[in-house]
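*Asks:* 3D, please:
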Amino acid sequence: MKPKFLITAAILILFYPCFGQTGENYFQNGYNKLLSGKMEQALEYANMALEDDPENAEGYVLRGIIKKRTGYFESAISDFDRALLINNTFKEAYFFRGVAKGSSGKNKEGIDDLNKLIELYKSEGLSPSKLAYYNRGLLKLNLYDYAGALEDFNKAIEIDPTHVGSYVNRGVAQTSMGDHKSSIASYDKAVDLEKNSALIYFNRGNAKGRYGDLEGAIEDYRKAIEINPFYAKAYRYKGVSYYHLRNYESAISAFDKASELDQDDSGIYLPYKGEKTIIESDLYLYRGKARMQLNDFKGAFDDFNKIIDIDKNNPYGYFYVGVMKLLDDIEINGNNIFNLEEGCYLLNKAINLGIGKKEEEFAKGIINNLCK
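*Replies:* You can find the predicted model right below:
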């Protein structure tokens, strides 16, 4: 899944139209409609402006921005291409084409455009804008070039020390590089500048958790939930933090709330390379394990089976259901669930699907002793 970022650059049109009077009116109307979010009308005016003057680069950039905003990335890129054929030093065309290429997954090509933009600024003795560095940093994050992204976010901050997005994404890069202490400091600065962002508190909570400050992480998740009571991911991560603190009742309570909420909030959190986000199936995994600790075997059994229902390729559901079926002292609804054949089958399936090393060794030990 292509990562989505917490804060994206605002649309800034820094050029002035060079149409005739009629075309200029169309352009201005399209621009105003764009700013007011009326994309269909904005596109109509941009088309009329280009009909008036088909060789006007500004018109193609305006139309490209509108198309990008409505998700037509390839068509937007074509408009930016046309603008650059007309004027190959048009900075805004390079900027928006680079951003559009990133949105369409062409991160390296997008970086090339932003590199060209920065070169143009410097060749004219001008300082590149913070957005040039910021957006290039975002594309580098997409490519897991954390060191390069960190450098770009630092440059954006040098230009504008109040740019919240650069602090937030600098924190992402720092955490990805294992520098959790610096990451927390970046999020601290972002919180100072923007105190009402649930996303910033959520990310800072993640950094604190990785730094070992689980209590601090829980407090940040609490603040995120206070701002956005429907933030399912914050409840999930709060539950995991409570689980690792062995506060199983609080963990279960957080997981219960997360399961009640809409799970479709993907994209709020940028996963780091090699790391799996706490998704819906993990909610049931951790809640099931917490319930096991509290001897709620029926609840745990239901949760582990729910993992299998959600994701047939998740080995952990099979692993824990298999383990429970090999325990001869567990009764659910008055029935002993011991089943040697099923338990052995499920453990072998978990191993074949790629269970963790510790769980694999445990499963193989059981299989060698019981499953003959």
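*Asks:* distance of Lys312 from Val323?
*Replies:* According to CB to CB, to the nearest Å, Lys312 stands 19 Å off from Val323. No exception for glycine: its C-beta is placed from N, CA and C like everyone else's.
*Asks:* show me what the longest helix anywhere in the chain is in contact with.
*Replies:* When the chain is scanned for its longest helix (criterion: DSSP state H), the result is helix 107-123. By CB atoms under 8 Å, 6 or more residues apart in numbering, the residues outside helix 107-123 that reach it are 89, 91, 94-95, 97-102, 127-129, 132-133, 135-136, 139-140, 142-143.
*Asks:* next one: stretch 349-365
*Replies:* Residues outside stretch 349-365 that contact it (CB under 8 Å, 6+ apart): 313-316, 318-319, 322-323, 347-348.
*Asks:* of the contacts of helix 107-123, just the buried ones, PyMOL syntax please.
*Replies:* To isolate the buried members of the contacts of helix 107-123 in PyMOL, using 16 or more other CB atoms under 10 Å:
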select buried, resi 91+94+95+97+98+99+100+101+102+128+129+132+133+135+136+139+140+142
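*Asks:* for Met177, see how far away Glu151 is.
*Replies:* 12 Å.
*Asks:* hmm, I typed the wrong one, I wanted Arg204.
*Replies:* In terms of CB to CB, Arg204 sits 16 Å off from Met177.
*Asks:* which of these two has more residues huddled nearby?
*Replies:* Neighbours were counted for Arg204 and for Met177 using other CB atoms under 10 Å; Arg204 has more, 28 against 15.
*Asks:* ok, back up a step: specify which member of the contacts of stretch 349-365 is nearest to Arg82.
*Replies:* Asn313 (45.0 Å; CB to CB).
*Asks:* spatially nearest residue to the closest one (excluding sequence neighbours)?
*Replies:* Sequence neighbours aside, Leu353 is the residue nearest to Asn313 in space, at 6.0 Å (criterion: CB to CB, 6 or more residues apart in numbering).
*Asks:* what about the one you found, distance to Glu51?
*Replies:* 58 Å.
*Asks:* of the contacts of helix 107-123, which belong to helices?
*Replies:* Those of those mapping onto helices are 91, 94-95, 97-102, 132-133, 135-136, 139-140, 142, per DSSP H.
*Asks:* name the SS class of the residue lying closest to Asn305 once chain neighbours are set aside, please.
*Replies:* Excluding the flanking residues, the one nearest Asn305 by CB to CB, 6+ apart is Val321, at 5.9 Å. Under DSSP: H, G, I helix; E, B strand; the rest coil, Val321 falls in the helix class.
*Asks:* state the pLDDT value of Val321.
*Replies:* Confidence at Val321, expressed as pLDDT, is 97.
*Asks:* could I get the buried residue list for the longest helix of the chain?
*Replies:* By neighbour count on 16+ other CB under 10 Å, the buried set for helix 107-123 is 107, 109-114, 116-118, 120.
*Asks:* looking at those residues, which is nearest Gly171?
*Replies:* Of all the buried residues of helix 107-123, Asn107 has the smallest distance to Gly171: 20.2 Å, by CB to CB.
*Asks:* and the pLDDT at Leu138?
*Replies:* pLDDT for Leu138: 98.
*Asks:* just Lys4 next, same as before
*Replies:* On pLDDT, Lys4 comes in at 34.
*Asks:* could I get the full set of helices for the stretch 151-300 of the chain?
*Replies:* 164-176, 180-193, 198-211, 214-227, 232-244, 248-260, 280-293, 297-310 (DSSP state H, counting those that start in this stretch).
*Asks:* ok, and what's touching the last one?
*Replies:* When you say that, I think you mean helix 297-310. 280-281, 284-285, 287-289, 291-292, 314, 316-318, 320-321, 324, 330-333, 337.
*Asks:* before we move on, back to that, out of the ones in helices among the contacts of helix 107-123, who's nearest Ser241?
*Replies:* Minimum distance to Ser241 across the ones in helices among the contacts of helix 107-123 is 27.8 Å, recorded for Asn142 (CB to CB).
*Asks:* tell me where the stretch 201-350 of the chain is predicted with low confidence.
*Replies:* Counting by pLDDT under 70, the ranges of the stretch 201-350 of the chain that qualify are 262-279.
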